[in-house]
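>>> Fold the following.
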Amino acid sequence: MDLAALSRAVVAVACLPHPPLIVPAIAAGASTETDDLRAACMSALHRVLGARPTSLVVIGAAGQPVGWRGFAPGLPGLPETTSSLPFAVASWLLDAAACPESALPRLQLAVEIDGTPSDAGEFIPDGPIGLLIMGDGSARRSLKGPGYLDERAEPFDAAVTAALAKADAAALRDLDVDLATQLLATGVGPWRALGRIASVSTTTQNDWDCALHYAAAPYGVQYTVVSWVRG
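The predicted structure follows:
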């Protein structure tokens, strides 16, 4: 894959988490607890779509397909999906954005934990691109987190958030895969891929107009929402 060509075509980036609870039908009675997160994702998405890309590339960790009803058995009204979780959530968010731009052509690009594409096929951009980078931070931020508490989780998440919030390509490209794995941070592969893409761009760190929309760890999992738009 020609990362340089992809990088030159990117006009905006949204880094988004992919918890199933972002879907109100799955969150059910707890949906209000994720209102701020959903609103932040919508803000980041609208910034990307407002940059007028002609297509979207969604980058997420490689994984097995999931079904929404597996998270909420018996609930009506849940759309069927055969995508892995990062791409299923990205599709739901784009549908929820409910604007003409959210129906842009899109490519799903699965990456391994080190940020390399699972499919090494060639992709030639045709026009300006919006990138959606799907990934959660550590899942070990509290005693109630999926992975229990790990004192290394908070500084790891803070470093990732800082790198995303200022478009620090080198820091993202060089994220510690082993540490991220131990902390159950599913975003490490997509973030490293973003770092690689941004590293070969002629756009420097200071050329991106960055916005941090959300950074918190409800349920013991770090969710960070950031957008970059070319200045």
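
>>> and the host helix or strand of Pro190, what other elements does it pack with?
Assigned by DSSP states H and E, Pro190 falls within helix 188-199. For helix 188-199, the packing partners by 3 or more Cβ pairs under 8 Å, 6 or more residues apart in numbering; DSSP states H and E come out as helix 3-9, strand 10-16, strand 55-61, strand 106-111, strand 129-134, helix 153-165, helix 169-173, helix 177-182. Glycine gets a C-beta too; all of them are placed from N, C-alpha and C.

>>> can you redo those as a markdown table with distance to Ser227, mean neighbour count and mean pLDDT?
Output for the helices and strands packed on helix 188-199, formatted as a markdown table (distance: least, Cβ to Cβ, whole Å; neighbours: other Cβ atoms under 10 Å; pLDDT from 0 to 100):
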| stretch | distance to Ser227 | mean neighbour count | mean pLDDT |
| --- | --- | --- | --- |
| helix 3-9 | 17 | 18 | 77 |
| strand 10-16 | 5 | 26 | 97 |
| strand 55-61 | 13 | 24 | 94 |
| strand 106-111 | 17 | 19 | 91 |
| strand 129-134 | 10 | 26 | 96 |
| helix 153-165 | 10 | 20 | 98 |
| helix 169-173 | 15 | 19 | 96 |
| helix 177-182 | 22 | 15 | 98 |
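
>>> Please tell me how far Ala162 sits from Pro86.
Counting by Cβ to Cβ, to the nearest Å, the separation of Ala162 from Pro86 is 22 Å.

>>> Then Leu149?
To Pro86, Leu149 is 25 Å away according to Cβ to Cβ.

>>> Of the two, which one has the most company?
Neighbours per residue, other Cβ atoms under 10 Å: of Leu149 and Pro86, the larger number sits with Pro86, 30 against 13.
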